[in-house]
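1. prediction below, plus the sequence it came from.
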Amino acid sequence: MKIGIFSKLAAGAAMIALTAGAAKAQESVEVLHWWTSGGEAAALNVLKENLQKQGIGWQDMPVAGGSGVQAMTALRARVTSGDPPTAVQMLGFDIKDWAEMGVVGNLNDLATEQGWDKVIPAALQEFSKFDGDWIAAPVNVHSTNWLWLNKAALDKAGGEPPKNMDELFALLDKFKEQGITPLAHGGQPWQDGTLWESVVLSVGGMDFYKKAVIEADAEALSSDTMRQVFDNMSKLREYFDANFSGRDWNLSTALVIEGQAGAQQMGDWSKGEWLRAEKKPGEDFVCIRFPGTQGSVLFNSDQFVMFDVGEDKRNAQLKMAAAVEDPAFQIAFNTVKGSVPARTDVPDTEFDDCGKKGMKDLAEAAASGNLAGSLAHGHAQPSSVKEAVFDVVTQHLNGQITTDQALERLPQAVAAAQ
Ligand code: GAL
């Protein structure tokens with residue numbers, strides 16, 4: 001009898017719990033992103049867990065492929081079929097493009113309530129706002145002009161980090177003598193483009209980068225300086241290993257982590273892989289600005305765009321956006337991801353030396369006019385132009401076209417894509 005009452009009570013309690021659970025489970029977000037490497041997934045987990053604690057369910061829609069090219073293709077398919085995801089990781093000009101189509105949600109109320117205007121730097125607001133309205137929540141600031149070095153290999157080569165292209169080539173020669181792959185590069189268009197933009201900045205300096213890449217000036221794109229850029233790209237290619245073609249960026253990072261390669265040019269998401277492998281900056285690896293680009297920063301910022309998917313999802317979307325801008329989250333996420341906070345009021349205390357350098361470099365570059373958007377990561381030109389540049393850069397890097405042809409085609413391809 002007693003058992004019966006208790007089991008009835010227990011059943012009742014379970015029913016209530018189930019109903020509450022069901023009500024909570026309805027509040028969820030479906031998130032399209034391309035954070036599939038070990039370090040990236042670890043960072044994303046910080047957000048997932050944060051939302052789960054608030055009772056917001058997480059439906060994962062990962063689309064592998066660095067820099068999000070494939071993710072954007074998947075997004076187009078979802079929107080075309082009338083079923084956009086709740087929230088989408090997005091970069092720079094893609095945000096503007098989707099906003100123009102009028103399919104994204106407005107975050108103004110939350111932004112006002114949380115004072116985003118005062119703490120999100122102008123360079124990011126440029127992409128988080130459309131027609132004066134907040135339409136995206138920036139998660140981080142990444143930067144692409146970095147070089148990641150295996151510390152043991154560097155020490156063996158004399159321990160001196162290279163400060164310009166000549167010193168870089170001298171170091172790569174030493175790595176070659178050590179019998180390791182000097183430069184771990186993954187031959188995918190976006191990775192070729194990421195390397196290329198660092199070389200443009202190194203060879204030409206910030207003014208030239210702005211002229212050629214941001215303004216897409218035809219003369220700059222076929223100039224003698226650009227010739228030097230392509231010559232340097234050909235030279236760098238000689239330091240790749242035989243298996244570079246098509247390799248994912250994180251697999252190249254792994255080669256440097258394991259000491260099979262000496263260096264990798266890559267954005268600071270690369271640090272996420274080192275940390276994931278329990279390696280420490282200054283002990284196991286060294287992060288430096290790509291030789292010749294000290295003082296300048298090419299940036300990109302991952303932002304979450306909330307699609308207009310109806311009122312019943314709105315609360316979960318706002319909670320997600322609020323969670324993203326929470327200063328504590330900004331620290332917890334970005335210390336794992338390799339990026340730096342999207343807010344200017346977050347202290348650097350919890351960040352490692354590479355993170356501290358990233359934050360300092362960013363602030364200084366912004367103040368001195370040496371901050372510019374990364375082309376390869378969507379912050380310099382719309383996707384059509386970006387991909388037109390990738391085509392020329394990749395064909396040239398793979399030896400399909402000569403430097404003369406690259407210089408002729410680059411301004412033509414850019415003009416055709418504009
Ligand atoms: C970038 C993105 C980073 C990182 C990287 C490699 O475009 O901003 O967060 O994920 O691609 O996938």
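-> Looks like it came in fine. Numbering: from 1, shown residues only.
2. check contacts around the residue nearest the centre of the chain.
-> What sits nearest the mean C-alpha location of the chain, by C-alpha atoms, centre = their mean, is H142, with 5.5 Å. For H142, the contacting residues are 267-269, 299-302, 338-340, 374, 377, by C-beta atoms under 8 Å, 6 or more residues apart in numbering. In this view, the C-beta of every residue, glycine as well, is placed from N, C-alpha and C.
3. now for L251: which residues touch it?
-> G186.
4. element containing it, please.
-> helix 249-257 (DSSP states H and E).
5. which other helices and strands does the next helix or strand after that helix contact?
-> Sequence-wise, the next helix or strand downstream of helix 249-257 (DSSP H and E) is strand 261-265. When contacts are defined as 3 or more C-beta pairs under 8 Å, 6 or more residues apart in numbering; DSSP states H and E, strand 261-265 packs onto strand 146-150, helix 151-156, helix 165-177, strand 181-183, helix 189-209, helix 249-257.
6. tell me if strand 261-265 is near the ligand.
-> No - Strand 261-265 is not in contact with the ligand by C-beta under 6 Å from any ligand atom; minimum separation 12.6 Å.
7. who touches whichever helix or strand comes after that strand?
-> Using DSSP H and E, the helix or strand that directly follows strand 261-265 along the chain is helix 270-276. Helix 270-276 has contacts (C-beta under 8 Å, 6+ apart) with 37-40, 42-43, 146, 148, 249-250, 253-254, 257, 264, 281, 284-285, 287, 336-338, 352, 354-355.
8. may I have the helix holding L251 as PDB, with CA atoms only?
-> The C-alpha coordinates for helix 249-257 follow below in PDB (Å, rounded to 0.1, in the frame of the first residue of the first chain):
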ATOM      1  CA  TRP A 249      44.900  23.400 -41.500                       C
ATOM      2  CA  ASN A 250      44.700  21.600 -38.200                       C
ATOM      3  CA  LEU A 251      46.600  18.600 -39.600                       C
ATOM      4  CA  SER A 252      49.400  21.000 -40.600                       C
ATOM      5  CA  THR A 253      49.400  22.400 -37.100                       C
ATOM      6  CA  ALA A 254      49.700  18.800 -35.800                       C
ATOM      7  CA  LEU A 255      52.900  18.400 -37.900                       C
ATOM      8  CA  VAL A 256      54.400  21.400 -36.200                       C
ATOM      9  CA  ILE A 257      53.200  20.200 -32.800                       C
END
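9. may I see the buried residues of it?
-> 249-250, 252-257 (16 or more other C-beta atoms under 10 Å).
10. and what of stretch 319-331?
-> Neighbour-count burial for stretch 319-331 flags 319-325, 329-331 (criterion: 16+ other C-beta under 10 Å).
11. picking up where we left off before, among the helices and strands packed on strand 261-265, which is nearest the ligand?
-> The minimum distance between the ligand and those falls on helix 249-257, with 6.1 Å, by C-beta to the nearest ligand atom.
12. residues in contact with K211?
-> Taking C-beta under 8 Å, 6+ apart as the test, what K211 contacts is 217, 220.
13. confidence score at V88?
-> Note on V88: pLDDT of 98.
14. A helix includes the residue nearest to the centre of the chain, no?
-> No - remark: H142 does not belong to a helix; assigned using DSSP: H, G, I helix; E, B strand; the rest coil, it is strand.
15. give the closest residue to it in space, chain neighbours not counted.
-> Excluding its sequence neighbours, the residue lying closest to H142 (C-beta to C-beta, 6 or more residues apart in numbering) is S339, at 4.6 Å.
16. what separation do you get for the one you found and the ligand?
-> In this view, S339 and the ligand are 7 Å apart by C-beta to the nearest ligand atom, to the nearest Å.
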